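[1] model this:
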Amino acid sequence: MRSQASAFTLLELVIALAIGAILVVYAVPSYRSHVARSHRIDAASALYRAAQFVEAGAAGEVSSGMSSAVSPAVSPAVSPLPSGLDQAPPFGTPVYRLRALPADETNGGYAVEAQPLETGPMRDDACGTFTLDATGLRGNRTADGANAPDSNICWNTQ
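    As a prediction, the model looks like this:
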């Protein structure tokens, strides 16, 4: 009497591998774009938190009488951002570094920027560095200083 051996045939194995390969071809790019989008959302929300911190510091200086000639939205010297506000995401491995920029004639008193780390996953992202100033103007610029193609795509969190 012969025992019945159950196993995959070569044809079944090839079909299963083909189906797996097709799934990977579509899933990996979708996953990567989702991860990039979530990093951009982290950068944008970190910029808003940093701007709120800078605004609160400028308002505190005015209300305490230290600088009565300066309006609440304008800070003469922007202090460094504290730990947690100086990176995005705020906890864990940073993907973006945040810094506050001093006042100039165009930014309304200050600007904050989120620059991707050179060794991070967003170093080659088309959105580049995110910027937000005291007037509410949002923007992006690439590593060479040019404006990103469409900053609405970069800031869109829908």
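[2] contact partners of stretch 118-133?
    35-36, 39-40, 43-44, 47-48, 51, 94-96, 106-117, 137-143, 148-149, 151, 153-155 (Cβ atoms under 8 Å, 6 or more residues apart in numbering). Heads up, the C-betas are built off the backbone N, CA and C, glycines and all.
[3] who are the contact partners of the most centrally placed residue in the chain?
    With distances taken as Cα atoms, centre = their mean, A43 lies nearest the centre of the chain, 2.6 Å away. When contacts are counted by Cβ under 8 Å, 6+ apart, A43 touches 88, 95-96, 114, 116, 130.
[4] got TSV for the residues you listed, with neighbour count too?
    Listed next are those as TSV, based on neighbours: other Cβ atoms under 10 Å:
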residue	neighbour count
A88	25
V95	24
Y96	25
A114	28
P116	24
F130	26
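[5] any idea which of the residues you listed is closest to F8?
    V95 (42.7 Å; Cβ to Cβ).
[6] quick one: contacts for the closest one?
    V95 touches 39, 42-43, 87-89, 116-117, 120-122, counting by Cβ under 8 Å, 6+ apart.
[7] could you measure it against N107, distance?
    In this view, V95 and N107 are 24 Å apart by Cβ to Cβ, to the nearest Å.
[8] same check on A126?
    24 Å.
[9] quick one, which of those two is more surrounded?
    N107 (18 against 13; other Cβ atoms under 10 Å).
[10] tell me the confidence at that one?
    pLDDT recorded at N107 is 76.
[11] please enumerate the strands of the chain.
    Counting by DSSP state E, the chain has strands at residues 87-88, 96-101, 111-116, 129-133, 138-141.
[12] out of those strands, nearest to V14?
    Per Cβ to Cβ, nearest to V14 of the strands of the chain: strand 111-116, 41.8 Å.
[13] and that closest one, what does it pack onto?
    Applying 3 or more Cβ pairs under 8 Å, 6 or more residues apart in numbering; DSSP states H and E, we find strand 111-116 packed against helix 10-63, strand 96-101, strand 129-133.
[14] give me whichever of these is most buried.
    Comparing the helices and strands packed on strand 111-116 by mean neighbour count (mean count of other Cβ atoms under 10 Å), strand 129-133 comes out on top with a mean of 22.
[15] what mean pLDDT does that one have?
    Averaged across strand 129-133, the pLDDT comes to 89.
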